[in-house]
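**Q** Below are the sequence and a predicted model; questions follow.
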Amino acid sequence: MMARFFHYEIRHTTPADATLAADWSAAQLQTREFSEIANAVSFWMEQRLGPPRKESFIVFEEREEVSLASHPAMSKQVYVNHYPLAFVKTEHVTPIQVRIHFQASPTVSRLKLLKAVYKLVPLIEKGLALRGVRLIFFTSHSEAMAAFMTKHLKYRYYGDAGTDGMIMAKRMASTVAFTTNPSQPVGR
């Protein structure tokens, strides 16, 4: 699966992304311990459609770059390059509860990251709500990220998860699916 939204490209992770996951995980974990990095890589590569459902994605920022011609008679060319921003994973804890995991590139600026989160998290929420999810949560060690999610995306602080950090959660509105006869609801 690959999708484009707001100058971002999102797709499922593939084995080709393992090197990037290893580099980012080593930077985040501040380790070169092979077993720790290998565990992190397998975490970000995991795709499981059966219970419990787990899907891992990589997010790229699309940037247009202009190549100026070396000769005045030649026209300029515009290229679209893709820069990796983050790994995102959705993990169904129960059929109606999903935990979101997020790992940003160690080279991405805070502003770029927050802009991507602001634009893409609502799309993730809508997709999960259509699958029947009623509660989305994540943990964070970053007070700044927790404050941003509270202020801009209506997440709430729900407690301390120990070594995982703060628990931030959001309840989703119930969606109702209809049959061909809209007066007969088939789900909630």
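**A** Yep, that arrived.
**Q** mind checking pLDDT for the spatially most central residue of the chain?
**A** Centroid-nearest residue in the chain: Val88, 3.1 Å away (criterion: Cα atoms, centre = their mean). Val88 is assigned 94 on the pLDDT scale.
**Q** element containing it?
**A** Secondary structure assigned from DSSP states H and E places Val88 in strand 77-94.
**Q** Quickly run through the sheet partners of that strand, with directions.
**A** Paired strands of strand 77-94, with direction, are strand 54-67 (antiparallel), strand 97-104 (antiparallel) (DSSP bridges).
**Q** quick one: contacts of the last one?
**A** Read it as strand 97-104. Strand 97-104 is contacted from outside by 24-25, 28, 43-44, 85-93, 113, 117, 121, 124, 128, 133-139, using Cβ atoms under 8 Å, 6 or more residues apart in numbering. Every C-beta, even on glycine, is put in place using the N, C-alpha and C of the backbone.
**Q** Only the buried subset of these, as a PyMOL command please.
**A** Listed next is the PyMOL selection for buried residues among the contacts of strand 97-104, using 16 or more other Cβ atoms under 10 Å:
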select buried, resi 24+25+43+44+85+86+87+88+89+90+91+92+113+117+121+124+128+133+134+135+136+137+138+139
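**Q** and the strands paired with strand 77-94, which is most packed in?
**A** Sort the strands paired with strand 77-94 by mean neighbour count, taking mean count of other Cβ atoms under 10 Å, and strand 97-104 sits at the top with a mean of 19.
**Q** For the following helix or strand past that one, give the mean pLDDT please.
**A** Using DSSP H and E, the helix or strand that follows strand 97-104 in sequence is helix 110-130. The average pLDDT within helix 110-130 is 92.
**Q** Quick check: buried residues in helix 110-130?
**A** For helix 110-130, the neighbour count (16+ other Cβ under 10 Å) marks Lys112, Leu113, Leu114, Lys115, Ala116, Val117, Leu120, Val121, Ile124, Glu125, Leu128, Ala129 as buried.
**Q** ok, the fourth one to Val59 distance?
**A** Going from Lys115 to Val59 by Cβ to Cβ, to the nearest Å gives 12 Å.
**Q** do the first one as well
**A** Note on Lys112: its distance to Val59, by Cβ to Cβ, is 11 Å.
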